[in-house]
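Engineer: got a predicted structure plus its sequence, pasted below:
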Amino acid sequence: MPSAPRSGCAINAAVEVLGDPWAVLVLRDIMFGNRRHFRELLAGSEEGIASNILSSRLKRLTEQGLLSRATARRGQRALYSLTEAGIQVLPIMVALGNWGLDHRDGDKRLRVRAELLRDGGPALIEAMMDELREIHQGIPRPDPDAPRPSEQLQTAYAAAVRD
């Protein structure tokens, strides 16, 4: 259950959920890395998130309505999925990536996704949101024959790693 925000300011309400760097990075890894299980998120973290921090952020993001957690039976791994509110964080991630591209240095292989999303513009962002809805919510993409943005991102990443 979401707690009451410190004020009625919309920016404050968003920052209370998204202002934690680890929460944003967990969402990034779920969105762009399709990491949906605890162990995948832990092992795949470029930044080296600690297991207790990951556990805390997954719980908070679920409580805040950005993720859902499928109940796992004994011996199974819990599956995390983006909710619609979580999917709608994508344009914020793109804006953060654009700012990072403009104002910070970084590793080329880790910048390529942000560059592709910046250059693809609103159409690519919307297509990515549609693909996330399909993956996480089971809602078919409006144009199932259209290229998958995740494949475009993966191809661009592979090319950057090769170079």
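Structural biologist: Alright, I've got the coordinates. Numbering: from 1, shown residues only.
Engineer: quick one, domains of this structure?
Structural biologist: 10-82, 89-162 (automatic domain parsing).
Engineer: possible to save those domains as JSON lines with distance to Ala4, mean neighbour count and mean pLDDT?
Structural biologist: C-beta here means a position set from N, CA and C on the backbone, and glycine is covered the same way. Listed next are the domains of the chain as JSON lines, based on distance: least, CB to CB, whole Å; neighbours: other CB atoms under 10 Å; pLDDT from 0 to 100:
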{"stretch": "domain 10-82", "distance to Ala4": "10", "mean neighbour count": "16", "mean pLDDT": "92"}
{"stretch": "domain 89-162", "distance to Ala4": "21", "mean neighbour count": "15", "mean pLDDT": "91"}
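Engineer: longest helix in this protein, by residue count?
Structural biologist: Assignment by DSSP state H gives helix 108-137 as the longest helix of the chain.
Engineer: next SSE downstream of it?
Structural biologist: helix 149-162 (DSSP states H and E).
Engineer: need the contact partners of stretch 85-100.
Structural biologist: 18, 24, 27-28, 30-31, 61, 65-67, 106, 111, 113-114, 117-118, 125, 128-129, 132-133, 136-137 (CB atoms under 8 Å, 6 or more residues apart in numbering).
Engineer: straight-line length of stretch 104-113, end to end?
Structural biologist: 15 Å (CA to CA, to the nearest Å).
Engineer: make that stretch 99-107, sorry
Structural biologist: First-to-last residue span, stretch 99-107, CA to CA: 15 Å.
Engineer: distance between it and the chain's centre?
Structural biologist: 18 Å (CA atoms, centre = their mean, to the nearest Å).
Engineer: quick one, what contacts Ser51?
Structural biologist: Residues near Ser51 by CB under 8 Å, 6+ apart: Leu42.
Engineer: and what of Leu54?
Structural biologist: By CB under 8 Å, 6+ apart, the neighbours of Leu54 are 22, 26, 38, 41-42, 45.
Engineer: so it is in which element?
Structural biologist: Here Leu54 is assigned to helix 51-63, by DSSP H and E.
Engineer: and that helix, how far out from the chain's middle?
Structural biologist: Distance, centroid of helix 51-63 to centroid of chain: 14 Å (CA atoms, centre = their mean).
Engineer: ok, then the element right after that helix?
Structural biologist: Counting by DSSP H and E, the next helix or strand C-terminal to helix 51-63 is strand 67-70.
Engineer: other residues contacting the helix or strand that that next one is followed by?
Structural biologist: With elements assigned by DSSP H and E, the helix or strand that comes after strand 67-70 is strand 79-82. Here strand 79-82 makes contact (CB under 8 Å, 6+ apart) with 27, 30-31, 36-38, 41, 58, 62, 66-70, 72, 132, 136-137.
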